[in-house]
Each structure stands twice: as C-alpha cells, then as structure tokens.
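A.B. asks: A structural model of the following input is requested.
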Amino acid sequence: MFLKTMMVFAASGLLLLSLPGRAQRRVIEVNVKASSGKLSPTFNTCVGAGRANEGLRADWQQQLAEIKHDAGFRYIRMHGLLTDDMGLYRVDARGQEHYNFQYIDALYDYLLSIHVKPFVELGFMPAALASGDKTIFWWRGNVTPPRSYEKWGNLIKALTAHFTARYGAAEVASWYFEVWNEPNLDGFWTGTQADYFKLYQYAATAIKSVDARYRVGGPATAGAAWIPETIAFCAQNKVPLDFVSTHSYGVNQGFLDEFGTTGTVLSKDAQAISVDVQKNRVEIQQSAMPKLELHYTEWSSSYTPADPTHDSYHQAAYILQKLKQVGSTAQSMSYWVFSDIFEEAGPRAEAFHGGFGLMNTQGIKKPAYFAYQFLNALSPTELRNNDGQSMATTDGKGNVQLLLWDYTRTLPDSINNQQYFVKDLPAKSKGEVVVQVNGLRQGAYVLSISQVGYKRNDAYTSYIEMGSPAQLSKQQVTSLKALATGKPQEKRQVRVSADGRLHLNLPLCENDVYLLKLQAAL
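C.D. replies: Residues are numbered from 1 along each chain as shown. Next comes the predicted model:
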C-alpha cells in the first residue's frame, strides 16, 4: 500500500524512495498522451572531425558512413580545409595566384553522397598567403593572419563561388560558414582580436557577395568567449553575422596537452558546459541581435586527445546528461570528434589512447557512440517528463521509447583522469529504477532493452582486461567489435491491459544507460 501511494506521488516525475529494508528506487512515470512538443535536434545536428585531409582516407569515410547511419548526424565540421595539404592555394614563381579545388571536391562530394552537409570551417592560412610561419599540430596548420586581407577575401569568394557552381546555390544555402578556429588562443591565432574581426569581415563580405542567403558566423572561440564582442563589432560596422559559435569542455586543466602528460581533471561542477551555453544565450538575448543562432562547434568532457575518460563507459551517461541540460538552448552541440582517426599530435599507435573519437582508429565503437545511437532511436515527439536523467518519446502511433541514465562523477579528489580511467572500474549499485508508462492502447507489444555501462557495450573495459595492448591483432579487433554493437540485450513480448499501463523495474548502477523501446505488435 505504501509503494502504491508513493507511485501516485511519482506521477509528476522523478522520485527517489528510501524504503525501510529496500534498495533505493528511482521512479519515472510518463503518459503517451501527454506531449511536451518536438524533440530538440541539437544532439545530432553536427559532429566534429580532425582535419579535412583525413577525410580523404577510406577508413575515415567508412566510419563516417556507419555513424551517419546509426546516429543520423546531418553536418560535419573539421579543421584544415585551407591548409596546404588540401592543395587549395599556391603562388607560382611569377607571383600568379592559383586555386585548386580537387581535394576539397573529392571530400565534399563524398560527404554529400552520404547526406552529410559541411559546416565549413575557414582555416587555417595557406602558407603562400600567410604573414608568418607559426603553425600548430603535427600537420602544421598556419595560424598567422594573411599578408593581404584583400587576397584572403578573394580566396574565400572564389571558394564560395566554386561551391555554388558545383553544388548549386540552394544546396550551399543550407550550409554554415564559420570563420577560423579559437582565435582567442595564441596557439590558434597570432593576431589580435581586432585582426580576427578584420579577417571575419573580409570573409563574411566575400561569402555574401556570392549569395546573400549564405550563412556565415564566428568567432569559434574556446571557452565561450568573445560572443558579445563579436556581435557588437558586426552590429556597429554592419558586417554580416548569421550565427555565433564557440566551444566548451568539461575539465579544469591540461590545455593543448596532446599526450595527456600534465593530467586533466573532470570538473566537479554539475552544470559544466551547460552553464557556458546558458551564459551565451543570455548574451545573445541582451545584444543588438537577440535572435541569432548559437552553435557549439566543439564540446566534450575533455580537451585533450589523450584522456581515457573518452574511452570509458562513464562517457555515455556524461554525454546524455550534458545534452539534456542544454536542451534547445543551442542550435547545435557538435561533439569533438566522431573518430580517433585524428592526427593533431601525429598518427597514434595505441589502439585506445583516450582519443576524442566515438570510435577508435580500427572502428571499435566506444560507449560514447551509443549515447548518440540511442538518441537517434527516439521518436520526434517528446513526452512530458520531469526526470532530469531521461527522455521519453512517441511516434504518434502508440509506440514509445524511453532513454534513461545515471550520471555519477566517480573521480576521486586525489587522482586525475589519466590515472583513473585506465583502470577496470566496476560500477556501484544505485538501486533500481521503476518505469511506468501510462496511456497505452490495450494489446500486445514487443519490448526491447538495450544498455550501455560497465561491461555493456563497453569494449574499453574488455580491452583493459586484455592487458591494454598497444597494438591489436585482427582477432582482437573482431572480438571487441562484437562486444559493442548496440543491439538489444533483451527482447520480449508484453501485454498491456485495459488500464493502459506498463510497469517495469530495472537494476541501476552508476553511469548505466538504458534504451527501452515499446513497439505495438502486428
């Protein structure tokens, strides 16, 4: 009787029950007939990739096609489109400029063939146009201002005109053009803020001169910076600005630590990342352009490609928690990145090295991958749900999906990510979660249950159990791939009676993720 009474109170959303002699219970109750509107598409609007030249690799393309199928990403953003390894710009011995679009065409033709649109990042500086020789990364992206802003503008205009001729104005109008990457960091831009604004002005003017409908924005800063300044500059100088963009990561130290040698520490702030997004949204609303789109063109738990938190089962729940907190405050949250085929620090030999990717170099899917695959399995209509760690949806035909998770920060105070997430980390019990779905039609359904967590779609823990070998044999790759497919752990038929209710109890551990799909039987 006590539990029945408490279940009634639970109808408003999340309830934690501390019952005498029983494990803690979390209750989620939704009603199929109670919609809260359309599910926000923020989660799979865009995803990141390392650099453009990597996109010419067959294995990179194969991985992108697979994740496009599973997660539904619609745009992709990457560095290095203008860098010398893409062959775009050169000056001959007589001082004549030459544009060559062949490598970019090969890349963009492929992207569009699998229905992924470019979120065009305009950077870095071609060496023949650069004012200096400072570079970043193993592949030497030049980070200096142009020696001639007029020639910079001409290059961007020629590139935009080429896109228009090749793909059509209607297609290019559906893209985004973002000027540079993280110009507020000395490593990525040797000029001043004023120099960046000049770079932006020439690029934006060039793009709009081809077609006024084309969308251009920036400043693509690190740490949610320069948003008010960028808007003010554009408003005061009548410079086109269709969106603003920036980046945020959930760690407190380790900037540009490409090999993880100084150690990163996952932030204790429960609102890490989402607090930046909310701040930027307020800044936009209080600006001269209060309706601008906001795009987070990079985000993740850590800003080093040598942080094992990226590989751990904890990452799936982390991703879902942050996306839930952000909601529709940003128009996109572009996870950095989809693949460990990523060579900022040079080619990596280790099979799992804490790389940014949702997949490792061999295409083994990390737990983080399934956060996006499960999100993509949700239907367009979201149901009212006050639970802070779940999403419920319906397709309008009586079928229901419920994605739920537990996010628990388990990192001890005395240790950093590189020391902690390389271990076998069994998850502690959080009791159970009680799911009740109301408003269902009477009849038979197929219930499928998919899970991510400790040793559930968790190739990384199995890799650790192998002894964390630097290199994997073909057989080991096949074995690890078979452990991480995202397929349901369980499928069974259930029957809903005339009261229209389905009741389900699930064991819950730290950082577990469940996807429940209830499909009306034919």
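
A.B. asks: which residue ranges form the helices in the chain?
C.D. replies: 2-9, 58-71, 102-113, 149-167, 169-172, 193-210, 227-237, 274-285, 314-326, 367-376, 417-420, 459-465, 474-483 (DSSP state H).

A.B. asks: Okay, now the unreliable bits of the chain?
C.D. replies: 1-23, 253-260 (pLDDT under 70).

A.B. asks: Can you give me the separation between the residue minimising distance to the centre of it and Leu404?
C.D. replies: For the chain, the residue nearest the mean C-alpha position is Tyr335 (1.9 Å; CA atoms, centre = their mean). Tyr335 is 20 Å from Leu404, where distance means CB to CB, to the nearest Å. C-beta coordinates here come from the backbone N, C-alpha and C atoms, glycine included.

A.B. asks: before we move on, what about Val265?
C.D. replies: According to CB to CB, Val265 stands 28 Å off from Leu404.

A.B. asks: can you pull the contacts of Leu56?
C.D. replies: Contacts for Leu56 (CB atoms under 8 Å, 6 or more residues apart in numbering) come out as Tyr103, Ala106, Leu107.

A.B. asks: hmm, back to that, quick check, the residue nearest to the centre of the chain in contact with Gly48.
C.D. replies: Yes: counting by CB atoms under 8 Å, Tyr335 touches Gly48, with 6.4 Å between them.

A.B. asks: end-to-end on stretch 358-376?
C.D. replies: 15 Å (CA to CA, to the nearest Å).

A.B. asks: how close does Gln24 sit to Leu508?
C.D. replies: Distance from Gln24 to Leu508, by CB to CB: 9 Å.

A.B. asks: and what of Ser40?
C.D. replies: Separation of Ser40 from Leu508 (CB to CB) stands at 25 Å.

A.B. asks: Mind checking which of the two has more residues around it?
C.D. replies: Higher neighbour count among Ser40 and Leu508: Leu508, with 23 against 18, using other CB atoms under 10 Å.

A.B. asks: quick one, what contacts that one?
C.D. replies: Arg26, Asp406, Ser429, Lys430, Gly431, Glu432, Val433.

A.B. asks: who's the residue lying closest to the first one once chain neighbours are set aside bridged to?
C.D. replies: Pointing back at Arg26 there. Closest residue to Arg26 apart from its sequence neighbours, by CB to CB, 6 or more residues apart in numbering: Val433 at 4.6 Å. For Val433, the beta-bridge partners are Arg26, Leu506 (DSSP bridges).

A.B. asks: for the stretch 401-522 of the chain, what spans make up the strands?
C.D. replies: Taking DSSP state E, counting those that start in this stretch, the strands of the stretch 401-522 of the chain run over residues 429-438, 443-452, 490-496, 502-509, 513-520.

A.B. asks: Which of the residues in stretch 49-56 are classified as buried?
C.D. replies: In terms of neighbour count (16 or more other CB atoms under 10 Å), stretch 49-56 has its buried residues at Ala49, Gly50, Arg51, Ala52, Asn53, Glu54, Gly55.

A.B. asks: swap that for stretch 356-365, sorry
C.D. replies: Residues of stretch 356-365 classed as buried by neighbour count (16+ other CB under 10 Å): Phe356, Gly357, Leu358, Met359, Asn360, Thr361, Gln362, Gly363, Ile364, Lys365.

A.B. asks: Dump the residues you listed to TSV, plus distance to Ser479.
C.D. replies: Shown next, in TSV, are the buried residues of stretch 356-365 (distance: CB to CB, whole Å):
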residue	distance to Ser479
Phe356	24
Gly357	20
Leu358	20
Met359	16
Asn360	14
Thr361	16
Gln362	12
Gly363	13
Ile364	10
Lys365	13
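
A.B. asks: Out of those residues, flag the one nearest to Ser300.
C.D. replies: Closest approach between the buried residues of stretch 356-365 and Ser300, by CB to CB: Phe356, at 6.2 Å.

A.B. asks: Test my guess that the closest one contacts Thr309.
C.D. replies: No: with contact defined as CB under 8 Å, Phe356 does not reach Thr309; the gap is 10.7 Å.

A.B. asks: Between Val265 and Leu404, point out the one with more neighbours.
C.D. replies: Leu404 (23 against 18).

A.B. asks: Apart from its chain neighbours, what residue comes closest to that one?
C.D. replies: Ser390 (3.8 Å).

A.B. asks: For the one you found, list the residues it contacts.
C.D. replies: Ser390 neighbours (CB under 8 Å, 6+ apart): Ile28, Leu402, Leu403, Leu404, Trp405.

A.B. asks: And for Leu506?
C.D. replies: So, once contact is read as CB under 8 Å, 6+ apart, Leu506 ends up touching Glu432, Val433, Val434, Val435, Ile449, Tyr514.

A.B. asks: In TSV, list those along with neighbour count and distance to Trp299.
C.D. replies: Putting the contacts of Leu506 into TSV (neighbours: other CB atoms under 10 Å; distance: CB to CB, whole Å) gives the following:
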residue	neighbour count	distance to Trp299
Glu432	17	32
Val433	24	27
Val434	21	32
Val435	23	29
Ile449	15	29
Tyr514	24	24
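
A.B. asks: Tell me the one of the residues you listed nearest Lys208?
C.D. replies: Closest approach to Lys208 among these (CB to CB): Tyr514, at 47.2 Å.

A.B. asks: correct me, but that closest one touches Leu404?
C.D. replies: Yes: taking contacts as CB under 8 Å, Tyr514 lies within contact range of Leu404: 5.1 Å.

A.B. asks: Between these two, which contacts overlap?
C.D. replies: Val433.

A.B. asks: For Trp336, give its distance to Thr83.
C.D. replies: Applying CB to CB to Trp336 and Thr83 gives a distance of 18 Å.

A.B. asks: how close does Ile449 get to Leu185?
C.D. replies: Counting by CB to CB, the gap from Ile449 to Leu185 is 44 Å.

A.B. asks: swap in Thr394?
C.D. replies: In terms of CB to CB, Thr394 sits 44 Å off from Leu185.

A.B. asks: out of those two, which sits in the busier spot?
C.D. replies: Ranked by neighbour count (other CB under 10 Å), Thr394 and Leu185 place Thr394 first, with 25 against 16.

A.B. asks: give the contact list for the more buried one.
C.D. replies: Thr394 makes contact with Val32, Ser35, Ser379, Thr381, Leu383, Val400, Gln401, according to CB under 8 Å, 6+ apart.

A.B. asks: Pull out the buried residues from these.
C.D. replies: Buried among the contacts of Thr394 by 16+ other CB under 10 Å: Val32, Ser379, Thr381, Leu383, Val400, Gln401.

A.B. asks: so the last one makes contact with Ala392?
C.D. replies: Going back to what we said before, that points to Gln401. Yes: at 7.1 Å, Gln401 counts as touching Ala392 under the criterion of CB under 8 Å.

A.B. asks: who touches both of those two?
C.D. replies: Common neighbours of Gln401 and Ala392, using CB under 8 Å, 6+ apart, do not exist here.
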